[in-house]
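Visitor: Sequence below, structure please.
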Amino acid sequence: MKAGMTRDEIDEAAARDGSKRSPNMPPRDASTLIILDGEGPDVRMLMGRRHEGHKFMPGLFVFPGGRVDKGDGSIAASDELDPIVERKIVDNLRQRPTRRRARALALASIRETYEEAGVLLGQKDNKGFKSNHPDWQAFAELGVRPSLNPLRLIARAITPPGRNRRFDAWFFATRVDHIAHRLPEGTGPSGELQDLHWLTIAEARKLELPVITVTVLDELQKRLETDPDLAPSTDLPFFHLRGKTFVRDMI
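Guide: Now for the predicted structure:
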């Protein structure tokens, strides 16, 4: 979605993305991770095409990501979120503004990147990272402890009411050197993303993308031009419905 869109335009965009009208439901916490390789206009990002069998955004190219799972906030990490990033999240959470929920958003983006793309972000842990959570067993088996400090915020967006799936999605970014281990290409355990590619912003724009992904690409390009180091203190855009218009606030 883009700022300034009316409710009718939002409905049209949602229909193109495969989202249908449905009774109102509260948005679920979700997060997305943009992995950046390189600098300047040639920087590349890891993206994949959602399986055609999905009811939500079938066949569209997206960044790895998904909803927060119940146990994500309790997973041990090698380091924690940058204090400024953490505070920005906590201060803007819709309900229950806790550090655990902020951690859960960051950890979910790392877990989903593994599940969808077979990429594990963190640090090699020679002492042996252990977890009883089934979704984190691959990290334990491969000796990778998730790392949160390199994550930076790029954008936030809440799906407008009346959609069959609603998310309060936080878009994180990190550099490629945050990767500790990669499975063979195409072996992400969930199989949700296919045709994984490292793409420049210009290359990504030529693909079939959800409207919100186009919007985030615009924001990412502007951010990299003005703040290539992705400073934690930089304000980020927050897209949400106010009245009948989709607006862009800064947080």
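Visitor: Was I right to think Glu39 contacts Pro228?
Guide: Yes - between Glu39 and Pro228 there is a contact at 6.7 Å, judged by CB atoms under 8 Å. Any C-beta I mention is one placed from the backbone N, CA and C, and that applies to glycine too.
Visitor: Could you check how far Pro237 is from Ala140?
Guide: 36 Å (CB to CB, to the nearest Å).
Visitor: okay, which residue of the protein is out on the far edge from center?
Guide: Distance from the C-alpha centroid of the chain peaks at Lys127, with 29.3 Å (CA atoms, centre = their mean).
Visitor: can you pull the pLDDT of the most centrally placed residue in the chain?
Guide: The residue lying closest to the centre of the chain (CA atoms, centre = their mean) is Thr32, at 0.6 Å. pLDDT recorded at Thr32 is 97.
Visitor: Same question for Lys127.
Guide: At Lys127, the model reports a pLDDT of 70.
Visitor: Over to it. Which of the three states is it?
Guide: coil (DSSP: H, G, I helix; E, B strand; the rest coil).
Visitor: how about the strands in this protein?
Guide: For the chain, the strands defined by DSSP state E occupy 28-37, 44-50, 61-62, 65-67, 119-121, 123-124, 144-145, 152-158, 167-175, 179-182, 193-200, 237-242, 245-250.
Visitor: With distance to Glu219 added, can I get those strands in JSON lines?
Guide: Formatted as JSON lines, the strands of the chain follow (distance: least, CB to CB, whole Å):
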{"stretch": "strand 28-37", "distance to Glu219": "11"}
{"stretch": "strand 44-50", "distance to Glu219": "13"}
{"stretch": "strand 61-62", "distance to Glu219": "15"}
{"stretch": "strand 65-67", "distance to Glu219": "15"}
{"stretch": "strand 119-121", "distance to Glu219": "22"}
{"stretch": "strand 123-124", "distance to Glu219": "29"}
{"stretch": "strand 144-145", "distance to Glu219": "30"}
{"stretch": "strand 152-158", "distance to Glu219": "5"}
{"stretch": "strand 167-175", "distance to Glu219": "8"}
{"stretch": "strand 179-182", "distance to Glu219": "23"}
{"stretch": "strand 193-200", "distance to Glu219": "16"}
{"stretch": "strand 237-242", "distance to Glu219": "5"}
{"stretch": "strand 245-250", "distance to Glu219": "9"}
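Visitor: Against Ala30, how distant is the residue farthest from the centre of the chain?
Guide: 32 Å.
Visitor: ok so, going back, if you drop the residues flanking it in sequence, what lies closest to the residue nearest to the centre of the chain?
Guide: Of all residues not flanking Thr32 in the chain, Gly65 sits nearest, at 3.1 Å (CB to CB, 6 or more residues apart in numbering).
Visitor: what's near enough to touch that neighbour?
Guide: Ala30, Ser31, Thr32, Leu33, Ala108, Ser109, Glu112, Thr113, Glu116, Ala169, Phe171 (CB atoms under 8 Å, 6 or more residues apart in numbering).
Visitor: May I see the buried residues of the top helix by length along the chain?
Guide: Counting by DSSP state H, the longest helix found in the chain is helix 99-117. Applying a neighbour-count criterion of 16 or more other CB atoms under 10 Å, one finds 101-117 buried in helix 99-117.
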